[in-house]
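A.B. asks: for reference, the sequence and a predicted model appear below.
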Amino acid sequence: MSAGSSGPSTDPLQAAPHYYGGQAVIEGVMMRGADRWAVAVRRPNGDIWLECHAVSDLPRRRPILAKPMVRGCYALADSLAIGMKALGISATQAFDDEEEEPLGSGAVGASLLIALLMFIGIFIFLPSAGTKGVDALFGHRLGDGVWFHLVESAVRIGIFLAYLWAISLMADIRRVFQYHGAEHKTIAAWEHGEVLEPERVDTYSTLHVRCGTNFLIMVMLLAVVVYTLAGVLVPPPEGIGLLGSILYHVVLRIVLLPVVAGLAYEGLRLGASRGENPFVRALMKPGLWLQLITTKQPTRDQIEVAIRSFEAVVPQELREGRVPHTLDSQITLARDGMPVQLTEARVRVDGDPEPSPDPAPADPAESSDDEG
């Protein structure tokens, strides 16, 4: 999840500010608003593919999903599902493969399952098994106490940082990180009252205190505390052996993962609402440092893509004077995955009020411009 950065809306119809979020995808940006999400992708022919979808209203119908801690777990799952679908759309459009269908619900579910299994294998099983295995070679000096959990957590964070650094060296991933920077710049410009022109947006930083990268590093840091406390309070049973001890710690971490995710989400909300508090700012610092890896300076063309995606999720009444009437690139708007060529200068998506009809052209026969 680039769970993405977010900024408060000034929508007077909302009792509480809405925090916009986003995610970089292949040659594009996904932005998420209060009632819809949109993905804008730069196609090989140079135009921008813009596709919009409704956001699930499940939290409104099931209030339990909006409760503290629970909302973090739901938001993570929902963001992952949207992110996978946006990635599928971007992959189709960025490579101009008209025969490839976007990911359906079954494919999204399978992709999420594979991603979850890879996460568990790399960031839960590998650190636990590796730490236990090396400790066994040195005579089980760490045991199952505090030192084991601290060392294992350090190994996990090391693997995470090494993974990010390694993929940042890949040219394709670097372009994704550039779009990540464009997403941050666009949201920062919006929350500072700026007109969303590429030249103005480009003056803002690629770092954002409410970035999804902050969520990831908070998960890693909070896991140190949660897993250590749980391991000390509920140690593994005696006599289960090395393999049994490894499996016990892996299962314990999987069970506690929703707790860690819920705490990290609440921490991210704290940063959104109290970002000027010195203590909160200090908590956000590790995420900002990490963004030096996960964001890169975008081009103006990439910023334009981010602006188009963001414009599509902002209510029509809030766009006036904030988004220029013309941007350079041709837009192809998609509804239900099918292209609809726009004839209007501004992007209008489903849910926006219909534009006022243009006045009927004057009959040439009734024209008074005849000077003859």
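C.D. replies: Sure, I can see it.

A.B. asks: where in the stretch 1-150 of the chain is pLDDT low?
C.D. replies: Judged by pLDDT under 70, the stretch 1-150 of the chain has its weakly predicted residues at 1-18, 96-105, 108.

A.B. asks: kindly report the same for the stretch 251-372 of the chain.
C.D. replies: 271-277, 280, 325-326, 336-337, 340-372.

A.B. asks: now the helices: where do they sit in it?
C.D. replies: The residue ranges that make up the helices of the stretch 251-372 of the chain, judged by DSSP state H, counting those that start in this stretch, are 278-294, 300-313, 316-319.

A.B. asks: list the buried residues for the second one?
C.D. replies: For helix 300-313, a neighbour-count test (16 or more other CB atoms under 10 Å) marks 302, 303, 304, 305, 306, 307, 308, 309, 310, 311, 312, 313 as buried. For every residue, glycine as well, the C-beta is placed using N, CA and C.

A.B. asks: same thing with stretch 184-200?
C.D. replies: Of all the residues in stretch 184-200, those buried under the rule 16+ other CB under 10 Å are 184, 185, 186, 187, 188, 189, 190, 191, 194, 196, 197, 198.

A.B. asks: one more: stretch 132-141?
C.D. replies: Counting neighbours by 16+ other CB under 10 Å, one finds that the buried residues in stretch 132-141 are 132, 135.

A.B. asks: which other residues reach that stretch?
C.D. replies: Residues outside stretch 132-141 that contact it (CB atoms under 8 Å, 6 or more residues apart in numbering) are 142, 143, 148, 151, 242, 245, 246, 249.

A.B. asks: counting neighbours, which of these comes out on top?
C.D. replies: The member of those surrounded by the most neighbours (other CB atoms under 10 Å) is residue 249, with 26 neighbours in all.

A.B. asks: isn't it up against residue 126?
C.D. replies: No. Taking CB atoms under 8 Å as the contact criterion, residue 249 and residue 126 are not neighbours in contact, 11.9 Å apart.

A.B. asks: so what sits against both of these two?
C.D. replies: Both residue 249 and residue 126 lack any common contacting residue under the criterion CB under 8 Å, 6+ apart.

A.B. asks: would you mind measuring from the closest residue to residue 54 other than its chain neighbours to residue 313?
C.D. replies: Spatial nearest neighbour of residue 54, chain neighbours left out: residue 36 (5.4 Å); criterion: CB to CB, 6 or more residues apart in numbering. When CB to CB, to the nearest Å is the yardstick, residue 36 and residue 313 sit 6 Å from each other.

A.B. asks: how many neighbours does residue 170 have?
C.D. replies: Counted with other CB under 10 Å, residues neighbouring residue 170 total 11.

A.B. asks: typed the wrong thing, it's residue 25
C.D. replies: Residue 25 - counted by other CB under 10 Å - has 28 other residues nearby.

A.B. asks: buried set for stretch 25-33?
C.D. replies: 25, 26, 27, 28, 29, 30, 31, 32, 33.

A.B. asks: please disregard the earlier target; I meant stretch 227-240.
C.D. replies: Counting neighbours by 16+ other CB under 10 Å, the buried set in stretch 227-240 is 227, 228, 230, 231, 236.

A.B. asks: relative to residue 261, which of those is nearest.
C.D. replies: Comparing those against residue 261 with CB to CB places residue 227 closest, at 13.1 Å.

A.B. asks: the closest one: what secondary structure?
C.D. replies: With DSSP: H, G, I helix; E, B strand; the rest coil as the basis, residue 227 sits in helix.

A.B. asks: that one is in contact with residue 253, isn't it?
C.D. replies: Yes. At 5.9 Å, residue 227 counts as touching residue 253 under the criterion of CB under 8 Å.

A.B. asks: quick check: which element contains residue 49?
C.D. replies: strand 48-54 (DSSP states H and E).

A.B. asks: which of the residues in the helix or strand following that strand are classified as buried?
C.D. replies: Downstream of strand 48-54, the first helix or strand assigned by DSSP H and E is helix 58-61. Residues of helix 58-61 classed as buried: residue 59 (neighbour count, 16+ other CB under 10 Å).

A.B. asks: now do helix 58-61: which elements does it pack against?
C.D. replies: Helices and strands touching helix 58-61, by 3 or more CB pairs under 8 Å, 6 or more residues apart in numbering; DSSP states H and E, are helix 70-94.

A.B. asks: which SSE is immediately downstream of the helix it packs on?
C.D. replies: Note on helix 70-94: by DSSP H and E, the next helix or strand toward the C-terminus is helix 105-120.

A.B. asks: whichever helix or strand comes after that following helix vs helix 105-120, what angle?
C.D. replies: The first helix or strand that comes after helix 105-120 along the chain, using DSSP H and E, is helix 126-137. With axes from the mean of the first three to the mean of the last three CA atoms, to 10 degrees defining the directions, helix 126-137 sits at 30 degrees from helix 105-120.

A.B. asks: in CSV, list the C-alpha atoms belonging to the next helix or strand after helix 126-137.
C.D. replies: Tracing the chain C-terminally past helix 126-137 and defining elements by DSSP H and E, one meets helix 146-168 next. Once non-C-alpha atoms are left out, helix 146-168 reads as follows in CSV (Å, rounded to 0.1, in the frame of the first residue of the first chain):
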residue,chain,number,x,y,z
VAL,A,146,13.4,-10.2,25.3
TRP,A,147,16.7,-10.5,23.5
PHE,A,148,15.4,-13.0,21.0
HIS,A,149,12.5,-10.7,20.1
LEU,A,150,14.7,-7.6,19.8
VAL,A,151,17.3,-9.3,17.6
GLU,A,152,14.5,-10.9,15.5
SER,A,153,12.9,-7.5,15.1
ALA,A,154,16.2,-5.9,14.0
VAL,A,155,16.6,-8.7,11.4
ARG,A,156,13.0,-8.0,10.1
ILE,A,157,13.7,-4.2,9.8
GLY,A,158,17.0,-4.9,8.1
ILE,A,159,15.3,-7.2,5.5
PHE,A,160,12.7,-4.5,4.9
LEU,A,161,15.2,-1.7,4.4
ALA,A,162,17.4,-3.9,2.2
TYR,A,163,14.3,-4.9,0.1
LEU,A,164,13.3,-1.3,-0.5
TRP,A,165,16.9,-0.2,-1.3
ALA,A,166,17.3,-3.1,-3.8
ILE,A,167,14.1,-2.5,-5.7
SER,A,168,14.9,1.2,-5.9
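
A.B. asks: thanks a lot, catch you later.
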